[in-house]
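Asks: have a look; sequence and predicted model below, questions after that.
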Amino acid sequence: MEKPRPIWQDLPRHLKVYVAGKLGDKSRQSLRQCSKTDRDVVDSIPFSIHSVVLGPNNPSEATLVVTTELSHSVRHLPYKTAIRDFINLIKNPKSKMNFVTFGLENPMCKLYSELIAEFQKLKIRANRFALNGVAWPGKLGDDQIELLKLMDTKVLKVIEISPTLNDEFLRKLVETEQWKSVRGVSLCTENCENVDLESFFHLREINLRGFQQLNEEAKIKIIENFRQRDLPVNSFFYISKPSVPIGLAMEERENLEEYEMSTPGNKLIVEDFGNKIHGRVISEKDPEIYLNMDQLFIQMHNM
């Protein structure tokens, strides 16, 4: 008589952990719902996640997109299911995530207020936090600030916000511990009349668009701030006035300057176009002295 083949329930735990570790997000979530034992197995495995995108489709349904080295899944789920699965992804303390993006397509949704209420003491351990969506008046508010506060300051490196900020949101943003701990930001302040440039002076990667107060005094301050700090090669700033496209096509450059840095062997190369200014820290051993801002943007947004 043929020996019966072992079924999943009879496998030892270490084999279940090995198999479950090879599954993508969607398969893990399905396995997790099979039994309490399977749920414990899945929850015990750290997840290495490239990116997670969560956003509302309508007042009751959300989209959860998870990309790992093994899989790419797109699921449209009721709010409660999307929140549960999102929390399951990140609650293992050894799980790693490159970046998390929260969509803002539906201003009337309650998805994020419900997510925040469920988090309790959990923290999102991701390198990059992004808010993505088309801007409209009053879109950014307390829920988005509270989302940022869910981020683990020991892990977070970059904050990226695509909608245009307002003064009240910016004021609350720069007061968060997450803002104070990151190394880079990408945002637009075109609708802000009160931007304190010094609140950016701890950063080493700055993509600031729509800065109304970009005058000669402000340019000198940002240059001196970079010069006086011990910054690594490829630290950079890009600051532009309102209505200046971020495209880096050839333009009339008003000035190109090279500054000594406090770090021996490093230099700050600055290009001034009048309505925008950008600079990059280079090493004297680097034969390329001109800015390559395209590569720096890619590095910042795809770290």
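Replies: Structure received.
Asks: could you use CA atoms for every contact and neighbour count after this?
Replies: Noted.
Asks: point out where the chain drops to low pLDDT.
Replies: 1-6, 25-26, 46, 105-108, 134-138, 244-251, 286-303 (pLDDT under 70).
Asks: what are the buried residues along the helix or strand residue 82 falls within?
Replies: Using DSSP states H and E, residue 82 sits within helix 79-90. By 16 or more other Cα atoms under 10 Å, the buried positions in helix 79-90 come out as 79, 80, 82, 83, 85, 86, 87, 88, 89, 90.
Asks: out of those, who's nearest residue 41?
Replies: Closest approach to residue 41 among these (Cα to Cα): residue 88, at 12.2 Å.
Asks: ok, the nearest residue to that closest one once chain neighbours are set aside to residue 31 distance?
Replies: The shortest distance from residue 88 to any non-neighbouring residue, by Cα to Cα, 6 or more residues apart in numbering, is to residue 43 (7.2 Å). The gap separating residue 43 from residue 31 is 11 Å, by Cα to Cα, to the nearest Å.
Asks: still on that earlier bit, for the helix holding residue 82, the distance to its chain's centre please.
Replies: Offset of helix 79-90 from its chain centre (Cα atoms, centre = their mean, to the nearest Å): 19 Å.
Asks: and the strands in this structure?
Replies: 48-56, 61-68, 72-78, 96-103, 126-132, 158-161, 184-188, 205-209, 236-240, 255-260, 266-272, 276-283 (DSSP state E).
Asks: among the ones you listed, which is nearest residue 21?
Replies: Of all the strands of the chain, strand 48-56 sits nearest to residue 21, with 9.9 Å by Cα to Cα.
Asks: between the closest one and helix 79-90, how big is the angle?
Replies: 160 degrees (axes from the mean of the first three to the mean of the last three Cα atoms, to 10 degrees).
Asks: each with direction, which strands does strand 48-56 pair with?
Replies: The pairing partners recorded for strand 48-56 under DSSP bridges are strand 61-68 (antiparallel), strand 96-103 (parallel).
Asks: in the last one, what counts as buried?
Replies: Buried positions in strand 96-103, judged by neighbour count with 16+ other Cα under 10 Å: 96, 97, 98, 99, 100, 101, 102, 103.
Asks: right, and the residue nearest to residue 88 touches residue 93 too?
Replies: No. Residue 43 is beyond contact range of residue 93, at 10.2 Å (criterion: Cα atoms under 8 Å).
Asks: isn't residue 258 up against residue 269?
Replies: Yes. Residue 258 lies in contact with residue 269 (Cα under 8 Å); the separation is 4.7 Å.
Asks: can you put the buried residues of strand 96-103 in a markdown table and add distance to residue 111?
Replies: Converted to a markdown table, the buried residues of strand 96-103 look like this (distance: Cα to Cα, whole Å):
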| residue | distance to residue 111 |
| --- | --- |
| 96 | 23 |
| 97 | 21 |
| 98 | 22 |
| 99 | 19 |
| 100 | 16 |
| 101 | 14 |
| 102 | 10 |
| 103 | 10 |
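Asks: from the residues you listed, which two are the most distant?
Replies: Pairwise over the buried residues of strand 96-103, using Cα to Cα, the maximum falls at 96 and 103, 20.7 Å.
Asks: for stretch 199-208, buried residues please.
Replies: Neighbour-count burial for stretch 199-208, with 16+ other Cα under 10 Å as criterion, is recorded at 200, 202, 203, 204, 205, 206, 207, 208.
Asks: swap that for stretch 268-283, sorry
Replies: Neighbour counts over stretch 268-283 (16+ other Cα under 10 Å) mark 268-272, 274-283 as buried.
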